[in-house]
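Student: have a look at this fold, sequence not included:
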């Protein structure tokens, strides 16, 4: 399997609107083989990018609702 780009957005756990971080994987190659007693997964990732949206060191308060 070859994926050109895969993106994930992690959201605020309380109000489910504020994006905490975004992650993108580029050039994902994956070979998956199933055998009768085990599975094998071999692959590579060419590019990983993660953007933190939590405004560190002033991180989010889980008890406060934020505007989207």
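Tutor: Perfect, I can see it now. All of these numbers come straight from a predicted model, not from anything done at the bench.
Student: surely residue 53 meets residue 19?
Tutor: Yes. With contact defined as CB atoms under 8 Å, residue 53 reaches residue 19; the gap is 5.2 Å. Using the backbone N, CA and C atoms, a C-beta is placed for each residue, glycine as well.
Student: run through this structure and note the low-pLDDT ranges.
Tutor: 15, 17, 60, 62, 68 (pLDDT under 70).
Student: now the strands for it?
Tutor: Under the criterion DSSP state E, the chain contains strands at 2-11, 19-34, 39-52.
Student: of those strands, which is nearest residue 67?
Tutor: strand 19-34 (12.3 Å; CB to CB).
Student: buried sites along that closest one?
Tutor: 25, 28 (16 or more other CB atoms under 10 Å).
Student: tilt between that strand and strand 39-52?
Tutor: 170 degrees (axes from the mean of the first three to the mean of the last three CA atoms, to 10 degrees).
Student: quick one on the thing from earlier: out of the strands of the chain, which is closest to residue 64?
Tutor: Smallest distance to residue 64 across these (CB to CB): 13.7 Å, for strand 19-34.
Student: on contacts alone, who are the packing partners of the closest one?
Tutor: Secondary-structure packing of strand 19-34 (3 or more CB pairs under 8 Å, 6 or more residues apart in numbering; DSSP states H and E): strand 2-11, strand 39-52.
Student: any chance of those strands in TSV, with distance to residue 64 and mean neighbour count too?
Tutor: Below are the helices and strands packed on strand 19-34 laid out as TSV (distance: least, CB to CB, whole Å; neighbours: other CB atoms under 10 Å):
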stretch	distance to residue 64	mean neighbour count
strand 2-11	15	11
strand 39-52	18	10
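Student: now distance to residue 67 too, for those strands, in CSV please.
Tutor: Formatted as CSV, the helices and strands packed on strand 19-34 follow (distance: least, CB to CB, whole Å):
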stretch, distance to residue 67
strand 2-11, 14
strand 39-52, 19
